[in-house]
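> Kindly generate the corresponding structure for this input.
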Amino acid sequence: MMLDSHILVFKNQVQSKQSFKEQNYLDQEDFSKFLDAFDGIGQNNYKAKPELLKICASIEYYCALRISEVLTLKRDDFDLRNRILTLQNTKTGFRKCKCSKWEKRILISSDAKCSKCKGLGKYRVKQYTTIPKPLIVILSDFLKSLRYNKNLFSFSRISAWKYYKIAGKNALLEIREQQFERSIEGIWTHLLRKSYLKWMRKNGASIELCEVKARHSEKRSIDHYIRPDIQALKIWEAQKFG
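Numbers count the residues shown, from 1 in each chain. Got it, this is the predicted structure:
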């Protein structure tokens, strides 16, 4: 009888929290709730206004970008007609220069007079990703209001993290992730990139398409974006035990 009462209490607790969307990524419905939650934050930061945060989050989500990549984007990086975004400043957008010598990932030597790498041993290359239709709808009017070669945003990644967390809490989105170095709760900036890739995978996209979207060339490098996490385990158990 005592066990039955505990199970009943557990079921009541689960039912009382049905307003929380509990999964380890944001699907389209979750993401819409997340965007709407920015409206309740207010105009406390003149650089990170709610409307700009919503556009920033939309680009990060639908283009599966890192927040650092979003914050370096300029008006003329967007080709809405062809649905292609050009990335000029990315984490992985480097190539080793022919003038350099490397051992594993350590630069041994390079030509200080090289016009391509300027003696750094590596140089940047452009990367590209797609712009889905929902993002085109969001960006059309916004981009028309900007001058060419102008940065879209002037707030920092710290501000983005702060307001993403607030919006996620306001939207009642409970997300947890256990990483090797730390555990994270709520909505954090990199979650949006991971969420779109997980959404792609759950909706029939191949691993290869996910790699193209994430701009990764090795299958193992995409694993940490689409693998299950503690949130998925919690949901599976809840489905089995009620």
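> Can you classify Leu143 as helix, strand or coil?
Three-state assignment for Leu143 (DSSP: H, G, I helix; E, B strand; the rest coil): helix.
> what does the one 4 residues further on give?
Counting by three-state DSSP, the backbone at Arg147 sits in coil.
> What separation is there between it and Arg83?
Look at Arg147 and Arg83: by CB to CB, to the nearest Å, they are 22 Å apart. Where C-beta positions appear, they are placed from N, C-alpha and C, glycine not excepted.
> Pick out the residue closest to the middle of the chain.
By CA atoms, centre = their mean, the mean C-alpha position of the chain lies nearest to Arg193, the distance being 2.2 Å.
> Would you list the phi and psi of that one?
When read as degrees, to the nearest 10, the backbone of Arg193 gives phi -60, psi -50.
> domain ranges for the chain?
Annotated domains of the chain cover 20-88+126-241, 91-125 [automatic domain parsing].
> This protein: strands as residue ranges?
Along the chain, the segments classed as strands by DSSP state E run 78-79, 84-87, 94-96, 101-103, 106-109, 122-124, 127-130, 176-178, 183-185.
> can I get the domains of the chain in JSON lines with mean pLDDT?
Listed next are those as JSON lines, based on pLDDT from 0 to 100:
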{"stretch": "domain 20-88+126-241", "mean pLDDT": "85"}
{"stretch": "domain 91-125", "mean pLDDT": "83"}
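> Can you tell me which of these is packed in deepest?
Highest mean neighbour count of these: domain 20-88+126-241, a mean of 16 (counted as mean count of other CB atoms under 10 Å).
> wait, isn't Ala160 in contact with Arg66?
No. Counting by CB atoms under 8 Å, Ala160 stays clear of Arg66, with 11.0 Å between them.
> Tell me the spacing between the nearest residue to Leu52 once chain neighbours are set aside and Ile226.
Excluding its sequence neighbours, the residue lying closest to Leu52 (CB to CB, 6 or more residues apart in numbering) is Phe153, at 6.2 Å. Distance, Phe153 to Ile226, by CB to CB: 28 Å.
> which residue packs closest to the residue nearest to the centre of the chain, ignoring adjacent ones?
Nearest one to Arg193, counting by CB to CB, 6+ apart, is Ala64 at 4.9 Å.
> Okay, helices next: where are they in the chain?
Applying DSSP state H to the chain gives helices spanning 2-16, 28-37, 50-62, 67-70, 133-144, 157-170, 189-202, 207-214, 220-226, 230-241.
> Send over the shortest one as CSV, restricted to the C-alpha atoms.
The C-alpha atoms that make up helix 67-70 are tabulated as CSV, following Å, rounded to 0.1, in the frame of the first residue of the first chain:
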residue,chain,number,x,y,z
ILE,A,67,26.8,32.4,-30.9
SER,A,68,30.2,33.7,-31.8
GLU,A,69,29.5,33.2,-35.5
VAL,A,70,26.1,34.9,-35.3
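> And for it, what's in contact with it?
Contact with helix 67-70 is made by 56, 59-60, 63, 87, 89-91, 152-153, 157, 160-161, 189-190, as judged by CB atoms under 8 Å, 6 or more residues apart in numbering.
> Likewise for the second one?
For helix 28-37, the surrounding residues in contact (CB under 8 Å, 6+ apart) are 21, 23, 26, 54, 57-58, 61, 166-168, 170-173, 187, 192, 195, 199.
> Arg201 touches Lys213, doesn't it?
No. Using CB under 8 Å, Arg201 makes no contact with Lys213, being 10.1 Å away.
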